[in-house]
Every structure is written in structure tokens, then in C-alpha cells.
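**Student:** Following is a predicted model, sequence given first.
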Amino acid sequence: MSPSKGLIYYTDNRLDNLPIGPRVREELLKANLPIVSCTLKPIEFGKNIWLDMERGYQTMFRQILTCLLESDADIVYFCEHDVLYPKEHFDFTPPDNDKFYYDLNWWKVGKRPLAVHWDAAQVSGLACYRKLAIDHYSDRLETFDPDNFDRKFEPSVDTKYETWWADKPHIDVRGNWNLTYNKWKLDHFRKKETAVNFQEKPLSDIKEWDLTDIL
């Protein structure tokens, strides 16, 4: 029997009244997979759990773990509130239950004429077996120190992980709501060697998506 799949979606609800918020959820429904959402205000989207917490890194980790514990899927795909995911992203099935997998086919866009990409594993492209993610985020929360946060978001990027490229890119929409830093050029990288295969192209060259209503 094939492993079951599900989506986990987490948001601080800051985008609910912006075009990107509803558009992301609209695209996720096209995957036709079970959804567990964890939010800071109640919404009607999949199986919704809302937490009375303040926005922040620790809260985000708590939201992720809440989704993981509420889901009953074997494999989960991490879905962020400002990322447009094509249904092709969910065609990939992680072959091993002890590794994290990252879709590298992504572009970052914002209110600027160029989109950027570099070959980096990001949580927004993460898929893995749910049990593996539960173990990781349980430990992450247990050891989290808000005064000494290392700003490492991606599980096991230095050890057991692999990558794939979906047939269509997912689009990471950047704005003043992001918890992570925006990087638009090589000068924005503290360690330039991490900007592997850095490239940029006009927004109009992203033919797979219509972005006119969200930028």
C-alpha cells in the first residue's frame, strides 16, 4: 500500500486580507490532499487548530508541531502562507522515511522587476515522513532558547537530506511580513558561497504563474 500524503499549513494570519493569502490557499486545494492548518486566528481551511500565541519563531515551531500531531498522513508537505505551490510539487514521494527532502525548484519574488533563485533547501519546500518531522520539531521546541536562536530553520540540512526539482516551480512571495531576511543580490549574503548558482530573471519570464494579482 502506498503511503498516505497530507499538507500542513501554518500562518500568523497577517496575509488574510491581502491577495496572496487567499490565493495560496486556493492553490493548495488543487492538490486534493488532506490539510491540517494551525493559525493564530480561526479560519476555515482543512482541519484548523488555532493557538492564542504571539507571532514569532518559537510560535512557528509550535504551529508546525501542532499540525504534525493532528495529521494522520504518513508523508507531509510543509506549506507556508506566502508560497504558491503547484500541484506538481506534491507528485514527489519521499523514498526513505529517515531523510528530509527539499524541492529546489523555486523563485523568490516581490515588488521589484526581477525574481531570484539559488540552490538552497528551504522549509517552504520540505517533504518528509511525519514521524521523522515530529521527532525533529519536538526536540526543537524542547531545546529552543529565544535568547540564543541560531536561525537554523531547515531540519538536517547539514546531515541526512536530499533534494528534488518539481516539474513546476513554487513561488516564494516576499514582503514586510517575512520572519526571515530578504536576499535579492549577492551582497545580501553574509557567506556568498552559500548562494549556489545564484540567478535572477524578469518576473515576466516566470511563464508558469500569473502573478499580476498578488504583486
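**Tutor:** That came through, no problem.

**Student:** center of the protein - which residue?
**Tutor:** Nearest residue to the geometric centre of the chain (C-alpha atoms, centre = their mean): Ser124, 1.8 Å.

**Student:** List the contacts of that one.
**Tutor:** Contacts here follow C-beta atoms under 8 Å, 6 or more residues apart in numbering; on that basis Ser124 touches 78-80, 83, 106, 170, 172. Every C-beta, even on glycine, is put in place using the N, C-alpha and C of the backbone.

**Student:** Quick check: which ranges of the protein have low pLDDT?
**Tutor:** Applying pLDDT under 70 to the chain picks out residues 157-159, 177-181.

**Student:** if we go to 90?
**Tutor:** Applying pLDDT under 90 to the chain flags the ranges 1, 111-112, 145-160, 174-194, 213, 215.

**Student:** Helices of the protein, start to end?
**Tutor:** Using DSSP state H, the helices of the chain run over 20-29, 57-70, 130-143.

**Student:** Compile those helices into JSON lines and extend it with columns for distance to Pro155.
**Tutor:** Putting the helices of the chain into JSON lines (distance: least, C-beta to C-beta, whole Å) gives the following:
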{"stretch": "helix 20-29", "distance to Pro155": "21"}
{"stretch": "helix 57-70", "distance to Pro155": "10"}
{"stretch": "helix 130-143", "distance to Pro155": "5"}
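
**Student:** closest to Trp184 out of those?
**Tutor:** helix 20-29 (18.0 Å; C-beta to C-beta).

**Student:** Tell me which other helices or strands the closest one touches.
**Tutor:** strand 5-10, strand 75-80, strand 83-84 (3 or more C-beta pairs under 8 Å, 6 or more residues apart in numbering; DSSP states H and E).

**Student:** so which of these gets nearest Arg112?
**Tutor:** Taking the helices and strands packed on helix 20-29 one by one with C-beta to C-beta, strand 83-84 is closest: 17.0 Å.

**Student:** thinking again about what came up before, for the residue nearest to the centre of the chain, give its distance to Lys185.
**Tutor:** According to C-beta to C-beta, to the nearest Å, Ser124 stands 20 Å off from Lys185.

**Student:** could the helices of the chain be laid out in CSV, adding distance to Ile8 and mean neighbour count?
**Tutor:** Shown next, in CSV, are these (distance: least, C-beta to C-beta, whole Å; neighbours: other C-beta atoms under 10 Å):
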stretch, distance to Ile8, mean neighbour count
helix 20-29, 11, 18
helix 57-70, 4, 20
helix 130-143, 9, 16
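
**Student:** and Tyr10, which of these is closest to it?
**Tutor:** Comparing those by C-beta to C-beta, helix 57-70 comes nearest, at 4.0 Å.

**Student:** The protein: strands as residue ranges?
**Tutor:** 5-10, 35-39, 47-50, 75-80, 83-84, 100-103, 106-109, 114-117, 126-129, 161-164, 170-173, 199-202 (DSSP state E).

**Student:** In JSON lines, list these along with distance to Asn17 and mean neighbour count.
**Tutor:** Output for the strands of the chain, formatted as JSON lines (distance: least, C-beta to C-beta, whole Å; neighbours: other C-beta under 10 Å):
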{"stretch": "strand 5-10", "distance to Asn17": "17", "mean neighbour count": "24"}
{"stretch": "strand 35-39", "distance to Asn17": "14", "mean neighbour count": "23"}
{"stretch": "strand 47-50", "distance to Asn17": "17", "mean neighbour count": "15"}
{"stretch": "strand 75-80", "distance to Asn17": "18", "mean neighbour count": "25"}
{"stretch": "strand 83-84", "distance to Asn17": "18", "mean neighbour count": "24"}
{"stretch": "strand 100-103", "distance to Asn17": "28", "mean neighbour count": "23"}
{"stretch": "strand 106-109", "distance to Asn17": "20", "mean neighbour count": "23"}
{"stretch": "strand 114-117", "distance to Asn17": "25", "mean neighbour count": "20"}
{"stretch": "strand 126-129", "distance to Asn17": "27", "mean neighbour count": "22"}
{"stretch": "strand 161-164", "distance to Asn17": "34", "mean neighbour count": "15"}
{"stretch": "strand 170-173", "distance to Asn17": "15", "mean neighbour count": "24"}
{"stretch": "strand 199-202", "distance to Asn17": "29", "mean neighbour count": "13"}
